[in-house]
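Visitor: Dropping a prediction and its sequence here:
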Amino acid sequence: MSTGVIIALIVIVAVVVAVAAVLAVRARGSAHGGPGLKRRFGPEYDRAVARHDGDVKAAERELGGLVERHGGLKERPLEPAERERFEARWAAAQERFVDSPREAVAEADRILADAAGARGYPDGGRYDEQVAALAVHHADHVQGYRHVHHVTRFHEDGGARGGEAPGTEDLRAAMVEARALLDDLIGEGHHRAPTTRPAEDRQTAGRHEGRSGFHLPGLHRHQTKQG
């Protein structure tokens, strides 16, 4: 075989290998990006796009990175006694809300951090990593954690970051959002579907709102005061 033929074969093989590598990378990207990421992250996908000023590719790179880092996390099941303790802590915080909304929301922030840590997520001392991992596995409800954390930090910092102080209604909304994530974390480990639930399921959920904490009974403007 002549030298020219050998060189030609080497070039052909190199081209085939390069093309195969490109196709593999694209296949991997398509598996984790686009519609797949949008289905997985739901509202988190839209928030990521907004954070990147509408740059979908940048948002998908960010979300894809989260999946790479946290997608393999296996949640540790909670013992019944653990679930009961978190339920009791939440009930106490909810009762406290009537007289001390700020302290109640701060406790909700701590409860979520502790519940996530108990399930095997990064501990609450690493909030950014913890919330990033939760975004991968509990995308529908992680915003509630951000909400209570944000208003808690605002009061802890004395408003140093600027902006208007959260009012009672904002604190109440934070508690309501936060409870949805707690339900996911202390449940049997089955995540809520990211898509809209059928009407029958929503009606069933509505019948349980008072028990699960989505409704804060007796919470009216004339009954509450800032803590």
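Guide: Structure's in. What do you need?
Visitor: Could you use CA atoms for every contact and neighbour count after this?
Guide: Noted.
Visitor: Where in this structure is the helix or strand with the lowest mean pLDDT?
Guide: helix 199-207 (a mean of 37; mean pLDDT, DSSP states H and E).
Visitor: Give me the domain ranges for this protein.
Guide: With automatic domain parsing as the criterion, the domains of the chain are listed as 3-70, 80-223.
Visitor: Show me where the chain has its helices.
Guide: Remark: helices assigned in the chain by DSSP state H are 3-32, 35-41, 43-51, 56-70, 80-97, 101-118, 127-137, 142-156, 168-186, 199-207, 209-212.
Visitor: Save the ones you listed as CSV, and put in mean neighbour count too.
Guide: Converted to CSV, those look like this (neighbours: other Cα atoms under 10 Å):
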stretch, mean neighbour count
helix 3-32, 12
helix 35-41, 17
helix 43-51, 17
helix 56-70, 17
helix 80-97, 17
helix 101-118, 22
helix 127-137, 20
helix 142-156, 20
helix 168-186, 22
helix 199-207, 11
helix 209-212, 13
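Visitor: among those, which gets the worst mean confidence?
Guide: Out of the helices of the chain, helix 199-207 stands lowest, with a mean of 37 (criterion: mean pLDDT).
Visitor: what about residue 53, how many residues close to it?
Guide: 11 (other Cα atoms under 10 Å).
Visitor: Per-residue confidence, it, what does it come out as?
Guide: 94.
Visitor: Ramachandran angles for it?
Guide: phi 50, psi 40 (degrees, to the nearest 10).
Visitor: Pull the contacting residues for it.
Guide: Counting by Cα atoms under 8 Å, 6 or more residues apart in numbering, residue 53 makes contact with nothing.
Visitor: check contacts around the closest residue to residue 83 other than its chain neighbours.
Guide: Excluding the flanking residues, the one nearest residue 83 by Cα to Cα, 6 or more residues apart in numbering is residue 186, at 5.5 Å. Contacts for residue 186 (Cα under 8 Å, 6+ apart) come out as 78, 83, 86, 115.
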